[in-house]
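Novice: Prediction below, plus the sequence it came from.
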Amino acid sequence: MAEAPHNFADFDAARVPSPCFVIDLVRLEENLRILKRIADAADVKVLMALKAFSCFAVADLIGDYLSGTAASGLWEARLGATRFKGEVHTYAPGLKPGQLDELCGLSDHIIFNSLNQLERFGGAVADKGAGGPGLRVNPQHSEAEVPLYDPCAPGSRLGVTAGQLGEADMSGISGFHVHALCDQGYAPFDRLLAATETAFGGWFGDIEWINLGGGQLITAKDYATTLLVERLATLRQRTGLQVYLEPGTAVALNAGALVGEVLDCGWNDGPFAVLDCSATCHMPDVIETPYTPELLGGQVVDDPGGHDALRLCGPTCLAGDIIGTYRMASPPEPGDRVVLLDQAYYTMVKATTFNGTPLPAIALWDLRADTVEVIRRFGYESFEGRLA
């Protein structure tokens with residue numbers, strides 16, 4: 001996923017505790033500038049998906065560039081409303097009636113996943129002044145390359161199809177939400193939007209806004225931002241709809257790293273090193289997607305065979321807690337630090353304490369001022385506090 005070490009080639013890993021997530025403020029702001037430039041040029045609004053990156057220590061910086069946040073439920077909506085700036089759009093596959101009052105007070109728009117929930121709760125949302133309710137739609141067009149992440153797969157529970165929408169009463173619906181991409185480029189987005197327009201364009205005259213979701217690597221070096229701006233601007237001009245994007249990965253792309261420390265080294269059909277950071281606890285997408293994170297000073301080995309290929313492993317009992325296999329100029333020794341790149345998104349938000357593994361600290365690094373600030377450390381209470 002990482003394009004290059006970027007600024008982390010200049011980072012001294014000894015300046016933070018281990019393990020530790022480090023946010024690169026320079027790269028984060030570069031990403032935000034790109035997103036704002038696209039929003040301004042296309043006359044659209046960009047929200048940050050809290051499900052991917054929700055580090056509220058940088059909320060003011062994010063609020064200087066983006067229009068708000070997208071939440072996946074009550075707690076994220078509360079975080080978006082209390083810690084971040086701008087609008088809050090809330091969507092969840094299922095909503096609890098007892099949470100509706102608070103959600104309405106926190107959200108500018110609440111997006112329902114089904115016609116059933118829209119019928120049950122839509123009127124109450126409108127009455128409580130949370131903006132006109134939205135509806136997630138499913139264009140039945142798959143672009144996600146990993147089945148686990150495909151909202152348009154057959155049998156999906158996510159969103160309403162055009163056939164299901166049928167002759168439904170649209171009077172209470174203010175907008176549509178579609179999300180069906182996962183860390184992809186412009187061409188899949190273009191095809192998805194075309195499929196959405198084909199399936200649901202007949203209803204565009206009945207709504208005020210459309211949220212085209214996230215899943216685009218808009219801030220990657222090779223992303224076709226000019227084509228994206230043209231496509232979005234044309235959609236705006238042709239339909240008159242307010243258009244939203246809600247990237248998550250793109251906000252923090254290459255703007256974070258996970259620092260770990262070597263605990264032990266060994267050999268079993270090749271060398272391995274055990275770290276104090278874990279794939280299953282701290283980088284679960286490494287196992288779920290799966291993928292191998294880039295390593296500062298190391299080269300990812302696609303074919304793990306060979307005695308010079310070093311496996312980096314987590315400290316848990318899970319046999320598959322393997323971060324990846326690498327070739328390095330010199331093998332690490334116990335006490336050495338390693339820096340795993342592009343570990344800002346879908347890491348801190350997914351981290352667990354399985355096996356009693358400590359959560360990584362969180363630090364902010366500003367290359368311009370050469371400052372490192374450890375903003376959060378997690379102790380035993382973070383483990384015990386979630387159990388009873």
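Specialist: It's in. Numbers count the residues shown, from 1 in each chain.

Novice: Just the CA atoms of stretch 11-24, as PDB, please.
Specialist: This file holds the C-alpha atoms of stretch 11-24, laid out as PDB (Å, rounded to 0.1, in the frame of the first residue of the first chain):
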ATOM      1  CA  PHE A  11      12.700   9.700  11.400                       C
ATOM      2  CA  ASP A  12      14.600   8.500  14.400                       C
ATOM      3  CA  ALA A  13      12.600   5.600  15.800                       C
ATOM      4  CA  ALA A  14      14.300   5.900  19.200                       C
ATOM      5  CA  ARG A  15      12.400   9.100  19.900                       C
ATOM      6  CA  VAL A  16       9.200   7.300  20.700                       C
ATOM      7  CA  PRO A  17       8.200   4.400  22.900                       C
ATOM      8  CA  SER A  18       7.600   1.000  21.400                       C
ATOM      9  CA  PRO A  19       5.300   0.100  20.000                       C
ATOM     10  CA  CYS A  20       4.000   3.400  18.700                       C
ATOM     11  CA  PHE A  21       1.900   4.800  15.900                       C
ATOM     12  CA  VAL A  22       3.500   7.900  14.500                       C
ATOM     13  CA  ILE A  23       1.500  10.400  12.500                       C
ATOM     14  CA  ASP A  24       3.500  12.400  10.000                       C
END
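
Novice: Show the average pLDDT along stretch 238-255.
Specialist: The average pLDDT within stretch 238-255 is 97.

Novice: Which parts of it count as buried, going by neighbours?
Specialist: Neighbour-count burial for stretch 238-255, counted by 16 or more other Cβ atoms under 10 Å, picks out 239, 241-255. Every residue, glycine included, has its C-beta placed from N, CA and C.

Novice: Dump it to PDB, restricted to CA.
Specialist: C-alpha atoms of stretch 238-255 as PDB (Å, rounded to 0.1, in the frame of the first residue of the first chain):
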ATOM      1  CA  ARG A 238     -26.000  18.200 -14.900                       C
ATOM      2  CA  THR A 239     -28.000  17.200 -11.800                       C
ATOM      3  CA  GLY A 240     -27.800  20.200  -9.500                       C
ATOM      4  CA  LEU A 241     -27.100  17.800  -6.600                       C
ATOM      5  CA  GLN A 242     -24.800  18.600  -3.700                       C
ATOM      6  CA  VAL A 243     -22.000  16.000  -4.100                       C
ATOM      7  CA  TYR A 244     -20.100  14.500  -1.100                       C
ATOM      8  CA  LEU A 245     -17.000  12.300  -1.000                       C
ATOM      9  CA  GLU A 246     -16.000  10.600   2.200                       C
ATOM     10  CA  PRO A 247     -12.500   9.200   1.900                       C
ATOM     11  CA  GLY A 248     -10.700   7.500   4.800                       C
ATOM     12  CA  THR A 249      -7.500   6.000   3.600                       C
ATOM     13  CA  ALA A 250      -6.800   8.900   1.300                       C
ATOM     14  CA  VAL A 251      -6.800  11.300   4.200                       C
ATOM     15  CA  ALA A 252      -4.000   9.500   6.000                       C
ATOM     16  CA  LEU A 253      -2.300   7.700   3.100                       C
ATOM     17  CA  ASN A 254       1.500   7.400   3.800                       C
ATOM     18  CA  ALA A 255       1.000   9.700   6.700                       C
END
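
Novice: how far is that stretch from where the chain is centred?
Specialist: Put simply, stretch 238-255 sits 12 Å off its chain's centre (Cα atoms, centre = their mean, to the nearest Å).

Novice: again with stretch 115-134
Specialist: Worked out by Cα atoms, centre = their mean, stretch 115-134 lies 27 Å from the chain centre.

Novice: which other residues reach that stretch?
Specialist: 89, 91, 94-95, 97, 100-101, 103-105, 107-112, 135, 160, 164-165, 168, 172-177, 208-209, 211 (Cβ atoms under 8 Å, 6 or more residues apart in numbering).

Novice: repeat that with 6 Å
Specialist: Residues outside stretch 115-134 that contact it (Cβ atoms under 6 Å, 6 or more residues apart in numbering): 104, 107-112, 135, 160, 168, 172, 174-175, 177.

Novice: Could you list the single helix or strand in the protein with the lowest mean pLDDT?
Specialist: helix 115-127 (a mean of 86; mean pLDDT, DSSP states H and E).

Novice: Distance from the next helix or strand after it to the middle of the chain?
Specialist: Using DSSP states H and E, the helix or strand that follows helix 115-127 in sequence is strand 134-136. Computed by Cα atoms, centre = their mean, the chain-centroid distance of strand 134-136 equals 20 Å.

Novice: Helix or strand next in line after strand 134-136, which one?
Specialist: Next element after strand 134-136 (DSSP H and E): helix 162-165.

Novice: Find the residue at the geometric middle of the chain.
Specialist: Closest residue to the average C-alpha location of the chain: residue 52 at 2.4 Å, with Cα atoms, centre = their mean.

Novice: per-domain residue ranges of this protein.
Specialist: Domains of the chain are assigned by automatic domain parsing as 6-22+255-384, 43-252.

Novice: For residue 231, which non-adjacent residue is spatially closest?
Specialist: residue 190 (6.2 Å; Cβ to Cβ, 6 or more residues apart in numbering).
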